[in-house]
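Trainee: Next one to model:
(2 chains)
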Amino acid sequence: MMQLNKMSPEEKQKQKQNMMVMITLGLLIAIAFVTSMNTGFIRLSPLDTLRTLFGGGTAKEELILFDFRLPRIVISILIGAGLAVSGCVMQGMSRNALADPGILGINAGAGLVVLMFVAFYPSTGAAPVFMLPVLAWIGAGLTAALIFSLSYKRHRGLMPTRLLLTGVAVAAGISAATIVLTLRISPDKYQFVATWMAGSIWGTNWKFVLALLPFIAILLPFVFYKARTMNVLNLGETTATGLGARVSREQIILLAAAVGLAGSCVAVSGGIGFVGLIGPHVARRLVGPKHQALLPASALVGSLMVIVADMLGRLILQPSEIPAGIIVAIIGAPYFLYLLARSRA
Amino acid sequence: MSLSKIEVNLTKRDSEVKTIALSSRPWAATLILVGGMIALIFGIALSVSFGAADIKFMTVWSAVFHYNPDLTQHQIIQELRLPRVLGGAMVGVCFAVAGAIMQGMTRNPLADSGLLGLNAGAGFALALCFAFFPGLPFMFLILFSFLGAGLGASLVFGIGSMARGGLTPLRLVLAGAALSALLSALSEGIALYFRIGQDLAFWYAGGVAGTSWLQLKIMFPWVAAAVAGAIMLSRSITMLSLGDEVAKGLGLRSGPVKLAGTLIVLILAGAAVSVVGAVGFVGLIIPHLTRKLVGVDYRWIIPCSAILGALLVVFADLAARMVNPPYETPLGALIALIGVPFFLYISRKEGREL
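Mentor: Reported below is the predicted structural model:
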């Protein structure tokens, strides 16, 4: 382990480079943040936005920014980071570049439980908001347990390809159940549910930020802290055991964290897929495969993607909105297909 | 590959052909064709007489053969139930035969029009139709549905075979899943923007409830021609199912056969999707089941699949109405309930090396 800690000049160089990448991503997010603040039915100039942010705006400007746009953007950032890191962990743990909470059906499982709740709960008052992440957790956890246990082989661990096949099938089953449920609910709830399932950032409310924040704030640092373990696990099970890692225990803990992240994000955002796939891939191109840099970079790329997608969704067909999930899927699915076409048998 | 090796391979394949002759079971197939037909007629009769308004078998009989437009019950049967049940049977035939051809031609145990993006493609085309040309006659809907299915299929197969190492079952399924996600995202976007969500949702759920005589009339010649074509092709498909090289060794020109087969699959899937919506898994389950029962000769597999597919959809539709009356459970969801475990079973069994 000592040798791993010492850094050669090239590694120092690499680290510097990575810092630059992160700073650039951070700046891009800041730009997207301000631009997104200006985008919408009522336009505000960048100067007005900044002035209002620092407390010098009119009451109307403050209402628009602080009560409508800001929570929405904060949620986009949190969701993007959560989903991308979740995807990064899943790709690392299953050693499968195509793993993603959306493809594996975990988002669908979380969505189904939330949907059941929304459908049978009389109104969407104050209490349910804080219930949503918990419910989504239950759904995501059950689905993940099902998929992982079906694709687990004794002595050989998780089978990467079987994981994907099982995930696709389970996702198909869950969406069938979801459709049954959507047809059952009353027409006035239907529009809400349809928009939610398409992946709209619907929780434009500080309550949702509060409901989501604790999970992200605990799980993200925890996963970052485990970055070194993930590097070791990536070397393969035998090597990792040789290096003294308790493989299956660490695997389960990390996967549980990933599932938790995906679940709580889905509760607020609905079915945004492909962020967990593309975020880590772009990040890997930028900073390389070491998880110390890869995880935060994935989070930043994911946040950037969701902010931009949400903004485009509001911009393209004004005054109606396209859910961010649809935009992400339109960009993400071709990218997935591209990765698939390049992959080896 | 050296010459002697090829010879060895060829003799091995000759024996494979012999084993096929041995392992096909014509008597089982005949039994399925006859028994299936009887069961199908029984199922259709049951399905017509069962519903929100219970109607006696005798009334069904007279409604069909001595139709009297003044009686409400006769009208229900003639205008609502009969087209629905016949539509279900026809759709079952389409999906099952399309699945059988795809599984045979691609040697891919997981081939199914739902999994491979055909249904999503047809759905996308229909969403475009609903949005931009509301009230388009059904004739054109079917045509667009073919085009959409063709688009979905060619994208999935194209992308799948672009990869190094060629078209593996896993790749096809993944490409199908991603493409379906893309196309349904686009359809959803269109639906939300044009506020046709409810129409599309019912359509996506899959169901034969709205089938009309007109639809059946337009659909029937296509389906009949496609199934006849499939049966004519069945000998070549059997050879293809042994692998391209064997087929070549047996003197088959695989290009034209594959082209004709693909065309038939597109017609069948497109026609079925335009009537029933996104019902998956029929084309996965039925051909596997049939192969288990009648052996590996596609001359038997295709007709038997057709009968069994029709049976599955007719009874699933009946069940969909019985689960929670007077509401209807979507047919697609009900079949997925059987289909998903079946898919998992197949992918585990066939994919041991995966």
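Trainee: And for A:Ser8, the neighbour number?
Mentor: Look at A:Ser8: counted by other C-beta atoms under 10 Å in any protein chain shown, it has 8 neighbours. For the C-beta atoms, the positions are set from N, CA and C on the backbone; glycine is no exception.
Trainee: Ignore what I typed, I meant A:Gly55.
Mentor: If you count neighbours by other C-beta under 10 Å, A:Gly55 ends up with 7.
Trainee: Tell me the secondary structure of it, please.
Mentor: Under DSSP: H, G, I helix; E, B strand; the rest coil, A:Gly55 falls in the coil class.
Trainee: Report the separation between it and B:Ile76.
Mentor: Taking C-beta to C-beta, to the nearest Å as the measure, A:Gly55 and B:Ile76 are separated by 70 Å.
Trainee: what's around the closest residue to B:Met322 other than its chain neighbours, how many residues?
Mentor: Of all residues not flanking B:Met322 in the chain, B:Phe50 sits nearest, at 7.3 Å (C-beta to C-beta, 6 or more residues apart in numbering or on different chains). A count of nearby residues for B:Phe50, using other C-beta under 10 Å, gives 15.
Trainee: Give me the average confidence score over stretch A:167-186.
Mentor: The average pLDDT within stretch A:167-186 is 77.
Trainee: Stretch B:79-96 too?
Mentor: Mean per-residue pLDDT for stretch B:79-96: 86.
Trainee: buried residues in that stretch?
Mentor: For stretch B:79-96, a neighbour-count test (16 or more other C-beta atoms under 10 Å in any protein chain shown) marks B:80-96 as buried.
Trainee: cool, and stretch A:229-236?
Mentor: Quick answer for stretch A:229-236 (16+ other C-beta under 10 Å): A:Thr229, A:Met230, A:Asn231, A:Val232, A:Leu233, A:Asn234.
Trainee: Give me the subset of those that lies in helices.
Mentor: Counting by DSSP state H, these place A:Thr229, A:Met230, A:Asn231, A:Val232, A:Leu233, A:Asn234 in helices.
Trainee: And the helices in the stretch 51-200 of chain B, which stretches?
Mentor: In the stretch 51-200 of chain B, helices defined by DSSP state H, counting those that start in this stretch lie at B:57-65, B:72-75, B:82-106, B:118-132, B:138-162, B:169-194, B:197-205, listed in chain order.
Trainee: Serialize these to a markdown table and add fields for distance to A:Ile253.
Mentor: Formatted as a markdown table, the helices of the stretch 51-200 of chain B follow (distance: least, C-beta to C-beta, whole Å):
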| stretch | distance to A:Ile253 |
| --- | --- |
| helix B:57-65 | 62 |
| helix B:72-75 | 65 |
| helix B:82-106 | 41 |
| helix B:118-132 | 37 |
| helix B:138-162 | 36 |
| helix B:169-194 | 28 |
| helix B:197-205 | 38 |
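Trainee: Between those, which one is closest to B:Gly36.
Mentor: Ranking these by proximity to B:Gly36 (C-beta to C-beta) places helix B:82-106 first, at 11.1 Å.
Trainee: how about that closest one, does it reach chain A?
Mentor: No. Figure legend: helix B:82-106 not in contact with chain A (C-beta under 8 Å from any C-beta of the partner chain); closest approach 15.1 Å.
Trainee: by contact count, what packs against that helix?
Mentor: Counting contacts by 3 or more C-beta pairs under 8 Å, 6 or more residues apart in numbering or on different chains; DSSP states H and E, helix B:82-106 is packed against helix B:26-49, helix B:213-240, helix B:254-276, helix B:282-294, helix B:298-322.
Trainee: relative orientation of that helix and helix B:298-322 in degrees?
Mentor: Interaxial angle, helix B:82-106 versus helix B:298-322 (axes from the mean of the first three to the mean of the last three C-alpha atoms, to 10 degrees): 140 degrees.
Trainee: what about helix B:82-106, distance to the chain center?
Mentor: Using C-alpha atoms, centre = their mean, to the nearest Å, the mean C-alpha position of helix B:82-106 is found 4 Å from that of the whole chain.
Trainee: Kindly calculate the angle that that helix makes with helix B:57-65.
Mentor: With the same axes, to 10 degrees as the basis, helix B:82-106 and helix B:57-65 are set at 80 degrees to each other.
Trainee: and of the helices and strands packed on helix B:82-106, who's closest to B:Ser161?
Mentor: Nearest of these (C-beta to C-beta): helix B:254-276, 12.3 Å.
Trainee: Let's have the ones in helices among the buried residues of stretch A:229-236 in TSV, adding distance to A:Asn107 and pLDDT.
Mentor: Below are those laid out as TSV (distance: C-beta to C-beta, whole Å; pLDDT from 0 to 100):
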residue	distance to A:Asn107	pLDDT
A:Thr229	25	82
A:Met230	22	82
A:Asn231	27	82
A:Val232	28	79
A:Leu233	24	76
A:Asn234	24	74
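Trainee: Return the member of these nearest to A:Leu63.
Mentor: Relative to A:Leu63, the closest of these is A:Met230; by C-beta to C-beta it sits at 43.8 Å.
Trainee: Look up the closest residue to that closest one, ignoring the ones flanking it.
Mentor: Counting by C-beta to C-beta, 6+ apart, A:His291 is the residue found nearest to A:Met230 once chain neighbours are left out, at 4.4 Å.
Trainee: Spatially nearest residue to the residue most central in space within chain B (excluding sequence neighbours)?
Mentor: For chain B, B:Phe95 is the residue whose C-alpha lies nearest the centre (C-alpha atoms, centre = their mean; 0.7 Å). Distances taken as C-beta to C-beta, 6+ apart put B:Val282 closest to B:Phe95, at 3.8 Å, once the chain neighbours are dropped.
Trainee: thought that neighbour was touching B:Leu311?
Mentor: No. Look at B:Val282 against B:Leu311 with C-beta atoms under 8 Å: they stay out of range, at 10.6 Å.
Trainee: what do these two both touch?
Mentor: The contact sets of B:Val282 and B:Leu311 overlap at B:Gly92 (C-beta atoms under 8 Å, 6 or more residues apart in numbering or on different chains).
Trainee: Of the two, which one has the most company?
Mentor: In this view B:Val282 and B:Leu311 are compared by other C-beta under 10 Å, and B:Val282 has more residues nearby, 33 against 24.
Trainee: Look up how far B:Lys349 lies from the more buried one.
Mentor: To B:Lys349, B:Val282 is 19 Å away according to C-beta to C-beta.
Trainee: What of A:Ile185?
Mentor: To B:Lys349, A:Ile185 is 38 Å away according to C-beta to C-beta.
Trainee: Give me the more crowded residue out of these two.
Mentor: Using other C-beta under 10 Å as the criterion, A:Ile185 and B:Lys349 rank with A:Ile185 on top: 15 against 10.
Trainee: Would you confirm that that one contacts A:Met116?
Mentor: No. Applying C-beta under 8 Å as the test, A:Ile185 and A:Met116 come out as separate, 10.0 Å apart.
Trainee: pretty sure the residue nearest to A:Met230 contacts A:Asn231?
Mentor: Yes. Between A:His291 and A:Asn231 there is a contact at 5.3 Å, judged by C-beta under 8 Å.
Trainee: Are there residues contacting both of these two? Which ones?
Mentor: Here A:His291 and A:Asn231 have no joint contacts, going by C-beta under 8 Å, 6+ apart.
Trainee: Nearest residue to the residue sitting nearest the centre point of chain A in space, please, no chain neighbours.
Mentor: Residue closest to the mean C-alpha point of chain A, counted by C-alpha atoms, centre = their mean, is A:Leu83 at 1.3 Å. Leaving aside its sequence neighbours, A:Leu83 sits nearest to A:Val275 (C-beta to C-beta, 6+ apart; 4.2 Å).
Trainee: how near is that neighbour to B:Val313?
Mentor: For A:Val275 relative to B:Val313 (C-beta to C-beta), the value is 37 Å.
Trainee: With B:Gly189 instead?
Mentor: The value you get for B:Gly189 to B:Val313, if C-beta to C-beta is used, is 30 Å.
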